[in-house]
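Participant: turn this into a structure:
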Amino acid sequence: MKLSLLSVASCVGFGLLSQSVWAAGESDLGATTFVRACAACHSLKPNQNMTGPSLAGVWGRKAGTLQSFDRFSPALKSANVTWDAASLDRWLKNPAQFIPHNRMTIRGIPDPQARADVIAYLKRASSVGAGTPQTAQGGNMGMGGMTGANERPNLKKLEPTEQVKAIRQCRDTYHITTVDGETHDFWEPNLRFKTDSSEIGPPTGTPALLPAGMMGDRADVIFAKPDEMSAFIKQQC
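Facilitator: From the prediction side, this is the model:
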């Protein structure tokens, strides 16, 4: 079965402003660190939100105010913090201490230079909408050299091998038939069901089947909206 490859990375944030300069052809530690540590949860494309909010234009923005992101914690929204070098450094050093009861799951980045490098990159990238950093060869950097997690596939333009036609459940197994006529069997704990209502989400009535890379998951079935799940999954042995 041909499936689009999704990479998974750990989610971390960003920190102190430094004197690092991002020059063409030169190694940029801030960009490298951002991709390896932050890109799984944060995009640099305007209003392309993921687990965390888009960081496009974050420099100088008041915390918790991005209108297109609905998952800010009450603590962050009421913090009255504007993101700049000083506030980002405190946030990244210890998010829970800087703004208690926020929803950031990391403990912090202890290395001051790492924070400095990421912030130097982020200040530039967020102001010009640079998007995902690239390697010197022009490809997106990620874990193992794979495409960064914020490069989400367009689920409206998948191959028949990745488009779901029918789902049948029998005891502890899901039998998923794709548009190309093939049927793929998954043990219940290895399959995850999701929704994506964005502009690049799957068409209504045609869920997407993509490989998963988290814990014991083997694949994701992604629907356009929640009510499709019960309509699609048939219990039949």
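Participant: pLDDT on the top helix by length along the chain, on average?
Facilitator: When the chain is parsed with DSSP state H, its longest helix is helix 112-128. Averaging pLDDT along helix 112-128 gives 85.
Participant: for that helix, packing partners?
Facilitator: helix 29-37, helix 85-93 (3 or more Cβ pairs under 8 Å, 6 or more residues apart in numbering; DSSP states H and E). Where you see a C-beta, it was placed from the backbone N, CA and C, and this is true even at glycine.
Participant: other residues contacting the helix or strand just after the first one?
Facilitator: Yep, that's helix 29-37 we're talking about. Of the helices and strands lying after helix 29-37 in sequence (DSSP states H and E), the nearest is helix 74-77. Residues outside helix 74-77 that contact it (Cβ atoms under 8 Å, 6 or more residues apart in numbering): 63-65, 99-103.
Participant: out of those, which end up buried?
Facilitator: Among those, the ones that count as buried by 16 or more other Cβ atoms under 10 Å are 63-64, 99, 102.
Participant: including pLDDT, could those go into TSV?
Facilitator: Putting the buried ones among the contacts of helix 74-77 into TSV (pLDDT from 0 to 100) gives the following:
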residue	pLDDT
63	95
64	94
99	95
102	90
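Participant: what ranges in this structure fall below the confidence cut-off?
Facilitator: Residues of the chain meeting the criterion pLDDT under 70: 1-27, 128-151, 213-217.
Participant: what is the burial count for residue 191?
Facilitator: Residues lying near residue 191 (other Cβ atoms under 10 Å) number 22.
Participant: how close does the residue lying closest to it once chain neighbours are set aside sit to residue 70?
Facilitator: Excluding the flanking residues, the one nearest residue 191 by Cβ to Cβ, 6 or more residues apart in numbering is residue 174, at 5.3 Å. Using Cβ to Cβ, to the nearest Å, we find residue 174 at a distance of 30 Å from residue 70.
Participant: kindly report the same for residue 198.
Facilitator: 13 Å.
Participant: settle it for me: which of the two has more neighbours?
Facilitator: The residue with more neighbours, out of residue 198 and residue 70, is residue 198; 14 against 8, by other Cβ under 10 Å.
Participant: next one: the more buried one from residue 96, what distance?
Facilitator: From residue 198 to residue 96 the distance is 30 Å (Cβ to Cβ).
Participant: likewise for residue 204?
Facilitator: 41 Å.
Participant: these two: which is more packed in?
Facilitator: Shown here are residue 204 and residue 96; by other Cβ under 10 Å, residue 96 has more neighbours (14 against 11).
Participant: residue contacts, that one?
Facilitator: 102, 104, 107-108.
Participant: against residue 65, how distant is it?
Facilitator: 21 Å.
Participant: same question, residue 167
Facilitator: Between residue 167 and residue 65 the computed distance is 40 Å (Cβ to Cβ).
Participant: and what of residue 210?
Facilitator: According to Cβ to Cβ, residue 210 and residue 65 sit 32 Å apart.
Participant: cool, and residue 31?
Facilitator: For residue 31, the distance to residue 65 - Cβ to Cβ - is 26 Å.
Participant: likewise residue 99?
Facilitator: Where residue 65 is concerned, residue 99 sits at a distance of 14 Å (Cβ to Cβ).
Participant: tally of neighbours for residue 77?
Facilitator: Quick note: residue 77 (other Cβ under 10 Å) scores 13 neighbours.
Participant: which parts of stretch 166-179 are buried?
Facilitator: Within stretch 166-179, the residues that qualify as buried are 167-169, 174-176, 178-179, counting by 16+ other Cβ under 10 Å.
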